[in-house]
Each structure stands twice: as structure tokens, then as C-alpha cells.
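[1] mind folding the following:
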Amino acid sequence: MTLNEIALHRRSIRKYNGQPVSREELEALVRFAQEAPSWKNQQTSRYHIVCSADVISKARACLGGSNPQKTEGVSALIVTSFKHDIVGHTHGQPDNEGGNGWGWYDLGLQNAYLLLKAAELDIDTLVIGIRNAEELRSLLQIPEDETIGAVIAVGHRVENAQRPPRKEFDEIVSVY
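    Now for the predicted structure:
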């Protein structure tokens, strides 16, 4: 598949069939995510992969809104984070107005790479932002120096999802 085909194939899936994703496949997702660029090559993104059914159940209870239902049947949940006060900082001081925002930026880049690799491997995902970070931190013993970002559901879809429409080019672009 070409990169364009992978991007067009990828969907946010909200219904999973329970089919397993192997440890090797999960490792491939994170290894590919590591190839994304990061501020001064700091590589501060971290991945906490939840695979056991018992811990998946407990982690799903930390998700907000309807996300516990949307993640039923997932093979894994990946809690993504980054080490804060490093990215965008020199000697503990922000390098520009972005400050810790660069940690979010780098994590987003890496997560995008992870999602694309998953689509290439025919593994489905859902990025979840509504979650109780402190409950997840406690459950998974995530260090205090990490800012918890998204939770990524990983598994295989029950049914195909439709591609939502995209805004017109001229609506999102200014050319000078």
C-alpha cells in the first residue's frame, strides 16, 4: 500500500471484534512511531501498553464519555505520554512561547506515525482524549514527570467505517 492508500484506509473505529493483536505487531507500531521527528531529538514520548484483559477492563473504566463502550473488544490500549519540562526547554527554561507545548507536538507526531503503521498492518485504532489521566497514572504507575496524552485503542474492526467529509482546500489554506 502507498502512504496515500494507507491514509485513506485508516479510520477511527468504535466497535472491535476481540481478535488479538500480537506483541510483535504492538512493538512494530511503537518502533515505527519512534521514527517521527522530535524537538532536538529528545525522544520524550512514552508508550504504556495495556494487553492483559484484566488491566484493559480497569483502564477502560478510566475513559470518559462513551469511550468505555467504544473500546469493548479491543486487543490493547496504549496510553501515550511525554516527559515534561524537557522538550522545548534548555537548562529548565522554555526556549520559546511553546514551552511544554512542544512535548504535545512531538507526541502527536509520534502518535500519527503509530496510527499510520497500524493501518498499514490492517490494525484498527481509535484516539481517545477523554480520559481520567490521574486514574490511569495510578493504575499503570506512570511517573509524575510524564504528561499523559491520548489513549489509543488497538484492535480489529467489526464493520467498516465511512470516511467523513474533509473541508475544501481553500477553506483551510492561505497561500501567499
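[2] helices or strands up against the lengthiest helix in the chain?
    If you go by DSSP state H, the chain has its longest helix at helix 101-120. Packing partners of helix 101-120 (3 or more CB pairs under 8 Å, 6 or more residues apart in numbering; DSSP states H and E): helix 3-9, helix 23-33, strand 45-50, strand 76-83, strand 124-128, strand 146-155. For every residue, glycine as well, the C-beta is placed using N, CA and C.
[3] tell me the buried residues in that helix?
    102-111, 113-120 (16 or more other CB atoms under 10 Å).
[4] and if you look at stretch 130-137?
    Neighbour counts over stretch 130-137 (16+ other CB under 10 Å) mark 131, 133, 136, 137 as buried.
[5] the third one belongs to a helix, doesn't it?
    Think residue 136. Yes: judged by DSSP: H, G, I helix; E, B strand; the rest coil, residue 136 forms part of a helix.
[6] ok, the nearest residue to it once chain neighbours are set aside - how many residues close by?
    Spatial nearest neighbour of residue 136, excluding adjacent residues (CB to CB, 6 or more residues apart in numbering): residue 62 at 4.8 Å. Using other CB atoms under 10 Å, residue 62 has 21 other residues around it.
[7] and residue 51, how far from residue 61?
    Look at residue 51 and residue 61: by CB to CB, to the nearest Å, they are 17 Å apart.
[8] could you do residue 50 as well?
    12 Å.
[9] also residue 112?
    Per CB to CB, residue 112 is found 27 Å from residue 61.
[10] ok, back up a step: now the helices and strands packed on helix 101-120 as a markdown table including mean pLDDT and mean neighbour count?
    Output for the helices and strands packed on helix 101-120, formatted as a markdown table (pLDDT from 0 to 100; neighbours: other CB atoms under 10 Å):
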| stretch | mean pLDDT | mean neighbour count |
| --- | --- | --- |
| helix 3-9 | 92 | 12 |
| helix 23-33 | 98 | 16 |
| strand 45-50 | 97 | 20 |
| strand 76-83 | 97 | 24 |
| strand 124-128 | 98 | 23 |
| strand 146-155 | 97 | 23 |
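[11] one step back: comparing residue 51 and residue 61, which shows the higher neighbour count?
    Applying other CB under 10 Å to residue 51 and residue 61 shows that residue 51 carries more neighbours, namely 16 against 11.
[12] wait, that one sits on residue 76?
    Yes: contact criterion CB atoms under 8 Å: residue 51 and residue 76 qualify, at 5.1 Å.
[13] common neighbours of those two, please.
    Common contacts of residue 51 and residue 76 (CB atoms under 8 Å, 6 or more residues apart in numbering): residue 26.
[14] hmm, back to that, of all the helices and strands packed on helix 101-120, which lies closest to residue 17?
    strand 146-155 (7.2 Å; CB to CB).
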